[in-house]
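# My questions concern the predicted model and sequence given below.
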Amino acid sequence: MQNKFRYLRGCLLACGLTLGATSALPVEAAGFLPHRAVYDLDLKWTGSDSSISQAGGLYEFEWAEACDGWTVMQRSRIDVVYSTGDQIDFGWTMNSWESRDGTRYRFFIRKLQSGASVEEIRGDARLSEDGKGGVVNFVLPSERQVSLPPGTVFPTLHSLELMRALEDDGLPLWRIVFDGTGDEGIYGVSAVLARSFEPEQVSTLESPLTVGRRAWQVELAFFEMGENQELPEQEQTVRLLEDGITDEIELDYGDFALDGRLVEIEALPISECSN
């Protein structure tokens with residue numbers, strides 16, 4: 001089951017840009033606030049055929065800025081109780097670095113079950129500057145090389161593209177993104193605007209980082225790359241504030257959904273050499 005749980009923040013992928021030889025040029029990060037956020041995860045609904053009776057957990061996300069790029073840390077633990085009384089807990093940690101020009105990406109992922117590591121994934125990826133694709137060198141769990149198709153971007157660049165598209169009324173969008181998770185780490189993601197919010201309509205934590213911000217509710221669908229992939233592997237609905245903070249998350253896995261609520265938020269230092 002844990003393979004179904006996609007990473008959250010890096011998935012904010014910009015779409016609608018024509019696939020093909022799209023340039024991987026950097027996107028201006030002005031207004032995108034480096035931050036650490038913590039979310040409570042609770043069971044929102046289950047399908048009629050679902051065997052899950054309870055589910056919940058915690059998700060932590062950190063987006064930090066450095067002179068040479070951006071770092072992202074994600075940590076999650078999810079507890080599931082079935083109608084039979086059986087229980088499982090699992091989660092993951094993910095640490096990544098992405099260069100400012102969007103052409104280099106390093107990642108380390110650890111999958112956890114019952115508090116113990118059950119799989120580690122490590123590697124680095126490079127994209128050509130002309131958008132003609134790239135290559136990934138996996139080190140763990142085994143050494144192998146994977147080609148990246150033209151138009152691929154890495155997670156942070158995609159997040160910045162999505163924020164720019166929201167500002168410019170540029171949705172719906174489509175993008176191919178490599179994040180390192182899954183068998184190949186490559187997903188096609190569609191993004192559709194569901195609703196816009198004015199500052200007075202946003203009710204979230206009483207924090208200067210979240211109060212008085214515009215927001216957009218975005219529906220994201222993740223597709224594995226390949227033929228005949230008509231249905232997404234997973235869907236997410238997120239509400240994004242104009243400074244890049246997510247304050248609401250819904251994770252739809254088909255037979256059940258989790259609801260994420262922002263419970264902690266803090267700003268991280270802005271790099272003095274970012275410009």
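Here it is on my side, so go on. Numbering: from 1, shown residues only.

# Name the spans of the stretch 51-200 of the chain whose pLDDT lies under the cut-off.
Scanning the stretch 51-200 of the chain for pLDDT under 70 picks out no residues.

# Show me where it has its strands.
All strands of the stretch 51-200 of the chain, identified by DSSP state E, counting those that start in this stretch, fall at 52-66, 69-82, 87-99, 104-113, 116-127, 134-140, 144-148, 152-153, 173-178, 186-197.

# just the ones you listed: most buried one?
Of all those, strand 152-153 carries the top mean neighbour count, a mean of 26, counting by mean count of other C-beta atoms under 10 Å. (C-beta placed from N, C-alpha, C; glycine too.)

# Show me what it packs onto, helices and strands only.
On a contact count with 3 or more C-beta pairs under 8 Å, 6 or more residues apart in numbering; DSSP states H and E, strand 152-153 meets strand 173-178.

# Packing partners of the strand it packs on?
Using 3+ C-beta pairs under 8 Å, 6+ apart: strand 173-178 touches strand 152-153, helix 155-167, strand 186-197.

# What's the separation between G182 and M73?
As judged by C-beta to C-beta, to the nearest Å, G182 and M73 stand 19 Å apart.

# same thing with E129?
For E129, the distance to M73 - C-beta to C-beta - is 27 Å.

# how deep is E143 tucked in, by neighbour count?
Neighbour count of E143, defined by other C-beta atoms under 10 Å: 9.

# Please read the previous query as pertaining to G180.
The tally of other residues near G180 (other C-beta under 10 Å) stands at 25.

# beta partners of the residue nearest to it when sequence neighbours are not counted?
Residue nearest to G180 in three dimensions, not counting chain neighbours: F107, with 3.8 Å by C-beta to C-beta, 6 or more residues apart in numbering. For F107, the beta-bridge partners under DSSP bridges are S96, G123.

# Please look at F107 and R122 and confirm they touch.
Yes: between F107 and R122 there is a contact under C-beta atoms under 8 Å: 7.0 Å.

# Mutual contacts of these two, please.
Listed contacts common to F107 and R122 are nil; contacts here mean C-beta atoms under 8 Å, 6 or more residues apart in numbering.

# mind listing what R104 touches?
Per C-beta under 8 Å, 6+ apart, neighbours of R104: G69, E98, D124, A125, R126, L127.

# now those residues in JSON lines, with distance to E264?
Converted to JSON lines, the contacts of R104 look like this (distance: C-beta to C-beta, whole Å):
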{"residue": "G69", "distance to E264": "25"}
{"residue": "E98", "distance to E264": "24"}
{"residue": "D124", "distance to E264": "31"}
{"residue": "A125", "distance to E264": "31"}
{"residue": "R126", "distance to E264": "35"}
{"residue": "L127", "distance to E264": "34"}
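
# from these, which is closest to L157?
For the contacts of R104, the closest approach to L157 (C-beta to C-beta) belongs to E98, at 6.9 Å.

# What is the burial count for the spatially closest residue to E264 that is not a sequence neighbour?
Nearest residue to E264, sequence neighbours excluded (C-beta to C-beta, 6+ apart): V38, at 3.9 Å. In terms of burial, V38 registers 17 neighbours under the definition other C-beta under 10 Å.

# likewise P199?
12.

# I'd like to know how far the closest residue to it other than its chain neighbours sits from L240.
Excluding the flanking residues, the one nearest P199 by C-beta to C-beta, 6+ apart is G212, at 4.8 Å. From G212 across to L240, the span is 15 Å (C-beta to C-beta).
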